[in-house]
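let's see this in three dimensions:
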Amino acid sequence: METLAKYKFADWLYNRFVENYKNQNIAEAFTFLDILSRYQMFAMEVRKLSDQRRHIKELYRDIQKALKNGTAHKLFLTGEEGAAEFKREMKTYENYLREQGFSESYITECVSDKAMNYYGNS
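Numbering: from 1, shown residues only. Predicted coordinates:
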């Protein structure tokens, strides 16, 4: 699924926060969070940006909730980058299972289970 162009900037800011937070670059992570917050305020002022405003609000809320719960290091990337990371992780997992010598039917079942539960781990 392709990310709409109007969401790409907010997704990019969110993903930079996630990457920097996971890499323990806390100051840089909060710089991107601050920019996302300012972008949200800008979107509030411009009437045409109602879709973006809703999307930014969701992303910002997810970060705030994760920070409050102490789970920000478990956030996943979003948008096209998130989809690419998901595919990469599933392929790595599939290759790992093949190296371990499991049957194709078992590999398919395990990959399917992991894919369905991927976002439940946060």
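
please make it C-alpha for all contacts and neighbour counts, starting now.
Fine.

go through the host helix or strand of residue 68 and flag the buried ones.
In the assignment (DSSP states H and E), residue 68 maps to helix 50-69. Buried residues in helix 50-69, counting neighbours by 16 or more other Cα atoms under 10 Å, are found at 52-53, 55-57, 59-60, 63, 66.

quick one: find the helix or strand in this structure with the lowest mean pLDDT.
When the helices and strands of the chain are scored by mean pLDDT, DSSP states H and E, helix 104-117 comes last with a mean of 89.

which residues touch that one?
Contacts of helix 104-117 with the rest of the structure, by Cα atoms under 8 Å, 6 or more residues apart in numbering, involve 90, 93-94, 97-98.

which of those are buried, as a ChimeraX select command?
Command for ChimeraX, covering only those of those found buried under the criterion 16+ other Cα under 10 Å:
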select :90,93,94,97
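
which stretches of the protein have low pLDDT?
With pLDDT under 70 as the threshold, the chain has low-confidence stretches at 1-3, 118-122.

give me phi/psi at the residue sitting nearest the centre point of the chain?
The centre of the chain sits closest to residue 77, judged by Cα atoms, centre = their mean, with a distance of 2.1 Å. The phi and psi values for residue 77, taken as degrees, to the nearest 10, are phi -70, psi 160.
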